[in-house]
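Asks: sequence and computational prediction follow.
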Amino acid sequence: MRKVPVWALKPGMEVARQVYDSNGHLLLNAGVRLEVEYIQSLKKLNIPAVYVVNPLIPDIKVEDVILCDTRHKAMRLAQKILTANLNAPPNTRSFVSRLFSYKKELNEVVDEIISQLLDCRELVINLCGIRTVDNYTFAHSANVAVLSLISATAMGFSRSELRTVGQGSFLHDLGKSLISPSVLNKTEQLLPEERQEIKQHPAYGYDLIKQQPFADSVAAKIVYQHHERIDGQGYPEGITGRDIHVYSKICAIADVYDALVSDRPYRPAYPPHRVLEMFQSGEGGYDPEIFQVFSQHVAAYPVGTVVGLSNGLIGIVVQNYAGYSTRPKVRVFCEKDNLERLPAYEM
């Protein structure tokens, strides 16, 4: 399986993972052979990429760490929460009450994610989500929750602690619901006052939860602190080290990682190995111990990635292992200086 930009799709390619539109409606099922009309429709709907069957590894399937239905349920909930102010003026009793009405659903979604992660012995992220411009924020909320919970699970947190991490990381961008979409989705360089407005979203989200608590106080702290950095270069308060809650440090890494591996209107996605290298450089003020845990469960070279080996061979990643994210199993298929196919073998 490999991720192919829509512009590079060709008739006859087989869809490997279900394709959804920005509203979560199923467009194409796995197993469908692409036709010219399908590709044209995907382009019109601004679907950026599709996972297709890779002929080099047709026998290899890549599973998500949570069920597809659960991920889309989380995305739909994020959409409801983050657009709750569209039918009610922000900071009004009606708006805050609308948010509180989602408390039960939030707990159910977070508990569902936790149960599925706890049932998975080898937690390794091999997939980079495909998102449209319209659903980026909703998918991001769900992904940050999953990534944060993977780290928290690996760190041995109790189920009640996991629920708090899940709530806070899922709601980390809640405050952006009070910021104009024209600012949030701006592709040009932000004006100083616009940048300052965006920096207020942690405080906005924290205040919303405090007005009508639909998450506990520690989850609210994650919302408030997820842009703080241990070197004091974050916001909104510029606090350092131990003053930042460990849950907030977990969310901070998940938030930035997911943003960087995603396509944005102003830049293409970075490959996972490049993002992990950025964190490893020590820049950015992220907790190195938490990053060490996180990096053990995120594949630097996801299944389907073509890699060049130090011995001059070229192969494709077929499996990753928790704890060894930079040392995947590779199926060799040719030499660097001789592209003629070799008998396939794995190493």
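Replies: Here it is on my side, so go on. All values derive from a computational prediction rather than experimental measurement.
Asks: do a quick rundown of the strands in this protein.
Replies: In the chain, the strands defined using DSSP state E lie at 2-5, 19-20, 26-28, 49-52, 306-308, 313-321, 324-335, 345-346.
Asks: could those be laid out in CSV, adding mean pLDDT?
Replies: Formatted as CSV, the strands of the chain follow (pLDDT from 0 to 100):
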stretch, mean pLDDT
strand 2-5, 81
strand 19-20, 84
strand 26-28, 85
strand 49-52, 86
strand 306-308, 88
strand 313-321, 90
strand 324-335, 89
strand 345-346, 84
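Asks: pick the most buried one from the ones you listed.
Replies: strand 49-52 (a mean of 22; mean count of other Cβ atoms under 10 Å). For the C-beta atoms, the positions are set from N, CA and C on the backbone; glycine is no exception.
Asks: how far is it from where the chain is centred?
Replies: Offset of strand 49-52 from its chain centre (Cα atoms, centre = their mean, to the nearest Å): 17 Å.
Asks: do stretch 110-127 as well
Replies: Its chain's C-alpha centre and that of stretch 110-127 lie 14 Å apart, by Cα atoms, centre = their mean.
Asks: that one: which residues count as buried?
Replies: 110, 112-114, 116-117, 120, 123-127 (16 or more other Cβ atoms under 10 Å).
Asks: and those, which is closest to residue 37?
Replies: residue 127 (26.8 Å; Cβ to Cβ).
Asks: returning to that earlier point: turn the strands of the chain into CSV, columns for distance to residue 141.
Replies: Below are the strands of the chain laid out as CSV (distance: least, Cβ to Cβ, whole Å):
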stretch, distance to residue 141
strand 2-5, 21
strand 19-20, 16
strand 26-28, 21
strand 49-52, 20
strand 306-308, 32
strand 313-321, 25
strand 324-335, 24
strand 345-346, 37
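Asks: and of those strands, who's closest to residue 286?
Replies: strand 324-335 (16.5 Å).
Asks: for that closest one, list the C-alpha coordinates in CSV.
Replies: Output in CSV follows, covering the C-alpha atoms of strand 324-335 (Å, rounded to 0.1, in the frame of the first residue of the first chain):
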residue,chain,number,x,y,z
TYR,A,324,12.7,0.1,16.8
SER,A,325,11.0,2.8,14.6
THR,A,326,14.1,3.5,12.5
ARG,A,327,14.9,-0.2,11.9
PRO,A,328,12.0,-1.7,9.8
LYS,A,329,11.9,-5.0,7.9
VAL,A,330,12.6,-4.3,4.2
ARG,A,331,11.8,-6.3,1.1
VAL,A,332,14.7,-5.9,-1.3
PHE,A,333,13.9,-5.7,-5.0
CYS,A,334,16.8,-4.2,-6.8
GLU,A,335,20.3,-2.7,-6.6
